[in-house]
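In: Provide a 3D model corresponding to the input given below.
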Amino acid sequence: MKLYHHTIQFLRSRLSRMQFIMVIATITGLASGLVAVLLKTLVHHLQLWIKEMPVSDFAFLLFPVVGLLITVAIINIFFGGQIEKGIAMVLKAIARRSSFIPLNHTYLHVITSSLTVGLGGSVGLEAPIVATGSAIGSNVSRISDLNYQERTLLIACGAAAGIAAVFNAPIAGVIFAVEVLLAETVVSYFIPLIISSVVGALCSKIILAEASLFNFVLKQSFDYKNVPFYILLGIFAGFTSLYYARIFKGTEKKVHGWNMKSYSKAAVGGMLLLAIYFVFPPLFGEGYGSVKLVANGTFKSFSDNTRFFSLLGENWGIIAFTAFIVLIKPVAAGITIGAGGNGGNFAPSLFAGSYLGFFFSKILNSISWIQIPAGNFSLVGMAGVLSGVMYCPLTAIFLIAEITNGYELFIPLMIVSSISFFIVKSYEPYSMETKKLAMEGQIFTQKKEKNILTSIRLDDMLQDNYESIGLDKKLKQLVEVIKRSEKNIYAVADNKGKFAGIIELNDIKQKLFHPDEFDKISVKALMKRPAAILLQQHDMHTVMEKFDVTQSWYLPVLDNEGKFKGFISKTKLFNKYREILAEQGDLYDEG
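Out: Numbers count the residues shown, from 1 in each chain. This next block holds a predicted model:
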């Protein structure tokens, strides 16, 4: 570590600020890319091991139970029984923790998500990879003595490298970081993001086997005559995204709320997954293998363990099967996360989208004389549902464009993703993963003023060096307090130590010139109620609203027991606001 610090100091003395950030971005991209490759490789080999095991046809269905139990055991034993997961954790760290992410996040998601997904959990690796890459960026910037703005950028660089490595899609990695993690983006951010993303993609390209990569070859080029059907698919994708988000959150909440021990919950959740996988085998694990079949137009048969779908005939059996897959996927993902697993909804939304596009094209081809390409519609459906579930239309467009090795489908991708996103945003302003935190003011939104207030903590603004006086005291004792204080406002407490009111120096100035009345006038008679009261748990949005309504310059802050903790000064708050605003400059501006 000493060697690293000496190297960092040497580089700082020789390089400009922007050049130094480039070096740190490269280190972050390399570390995040390697970790993403490691995670992808672990899961790939775990699933190969399961396939090659000499077990009966259905014995493999027990592995999700094992995966959930081991994941829960690791979390209980090593991480205190609970961990913050996914993209929401990263966004909260940026907004509320000055972009500091604990060191254990650089490895805990790798361990837990590889077991959850590798052993059959119906979720994806992308959210854990984003969390891990972001943690790497945060910790590299911490030991490199970077400021808040630079730490936030390095978090985005780590996430971009992780996404780029998983999909071998560097542009999608950059767009994801800008679209999802960075509420405000300076133009100069793009260069470090591009460097990190390219380094992450190179890690994937050099190390990962072709079988592990998620890519496709288009079988049919874009036909403008199919535009009306792509518009219709965009509408379907939008409402499917809404369905996915609400069913997933409802299932996760219900399973998580079961009144049982964590191990029992994991076991029951695993058994539910076993039942689902028995009927719908493609839902096992990430499901990218079956997505490739669907998107390449080679999905022509499936394991019908119930014999139900076979009764409908080959064509309609596949149509019904794919429809149920779309409907059940959020349930399986919700059970996996609710029962204690670690994973995200990036891959499940791609999965649901591919099957939606396939279902849409198959049913149209079956009931009309028009024939549309099932593979192309599956790929575009992936972008539509990803856009609607994760609120990242640009990421969805560029991701599918990159994994198809070209921009042949760019027009339908734009049509479907934008329509889906528009529909979802019309019903829900925030994504399912961030809605609660956004409503509580715990994460940044697209409103700059609110973002600055979100980044300010009330405890940091609290001035606790104010004198207080008892309610039963006289003006004589108050004068003694005034003599030793430089303040012009004082708190009054009752005989139980609880806050009763305030006294302002301006209000009692005339009485200070009549010392003969010092023993006659009580503090209670001088006290007044403040224009408003703040509690320690209030966020800065509430604080600012109360300042605006009351037009006060000082407001008292109380704890949960009603005891006085200090005052908040509007002047100090405005100064902090201006300070943060001044820090949000261009990286090319030497500070």
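In: give the buried residues for the host helix or strand of His44.
Out: His44 belongs to helix 17-52 when elements are defined using DSSP states H and E. If you call a residue buried by 16 or more other C-beta atoms under 10 Å, then helix 17-52 has these buried ones: 20-40, 42-44, 46-47, 50. In short, each C-beta sits where N, CA and C put it, glycine included.
In: same question for stretch 297-305.
Out: For stretch 297-305, the neighbour count (16+ other C-beta under 10 Å) marks Gly297, Phe299, Phe302, Asp304 as buried.
In: quick one: the third one is in a strand?
Out: By that I understand Phe302. No: according to DSSP: H, G, I helix; E, B strand; the rest coil, Phe302 belongs to no strand; its state is coil.
In: so who does it touch?
Out: Phe302 makes contact with Pro281, Pro282, Phe309, Ile318, Phe321 under the criterion C-beta atoms under 8 Å, 6 or more residues apart in numbering.
In: can you tell me the SS state at the last one?
Out: Classification of Phe321 into helix, strand or coil gives helix, according to three-state DSSP.
In: distance check, it against Gly285.
Out: Phe321 sits 18 Å away from Gly285 when distances are taken as C-beta to C-beta, to the nearest Å.
In: picking up where we left off before, which helices and strands sit right next to the helix holding His44?
Out: helix 2-14, helix 108-118, helix 126-143, helix 148-167, helix 190-207 (3 or more C-beta pairs under 8 Å, 6 or more residues apart in numbering; DSSP states H and E).
In: between that helix and helix 190-207, how many degrees?
Out: Relative orientation of helix 17-52 versus helix 190-207 (axes from the mean of the first three to the mean of the last three C-alpha atoms, to 10 degrees): 30 degrees.
In: ok so, going back, which one of Phe321 and Gly285 is surrounded by more residues?
Out: Gly285 (27 against 23; other C-beta atoms under 10 Å).
In: for that one, phi and psi?
Out: phi 70, psi -160 (degrees, to the nearest 10).
In: tell me how many other residues crowd the closest residue to it other than its chain neighbours.
Out: Among residues not flanking Gly285 along the chain, Gly120 sits closest, at 5.2 Å (C-beta to C-beta, 6 or more residues apart in numbering). Counted by other C-beta under 10 Å, the residues lying close to Gly120 total 28.
In: hang on, Gly120 in a strand?
Out: No: going by three-state DSSP, the assignment for Gly120 is coil, not a strand.
In: ok, it touching Glu286?
Out: No: with contact defined as C-beta atoms under 8 Å, Gly120 does not count as touching Glu286 (9.7 Å).
In: mind checking how far the spatially most central residue of the chain is from Leu154?
Out: Taking C-alpha atoms, centre = their mean, the centroid of the chain lies closest to Ile87, which sits 2.1 Å from it. Distance, Ile87 to Leu154, using C-beta to C-beta: 16 Å.
In: and for Tyr554?
Out: On the measure of C-beta to C-beta, Tyr554 and Leu154 end up 38 Å apart.
In: look at these two and report which has more neighbours.
Out: Using other C-beta under 10 Å as the criterion, Tyr554 and Leu154 rank with Leu154 on top: 31 against 21.
In: which residues touch that one?
Out: Shown in contact with Leu154 (C-beta under 8 Å, 6+ apart): Ile24, Ala25, Thr28, Gly137, Ser138, Val140, Ser141, Leu146, Pro192.
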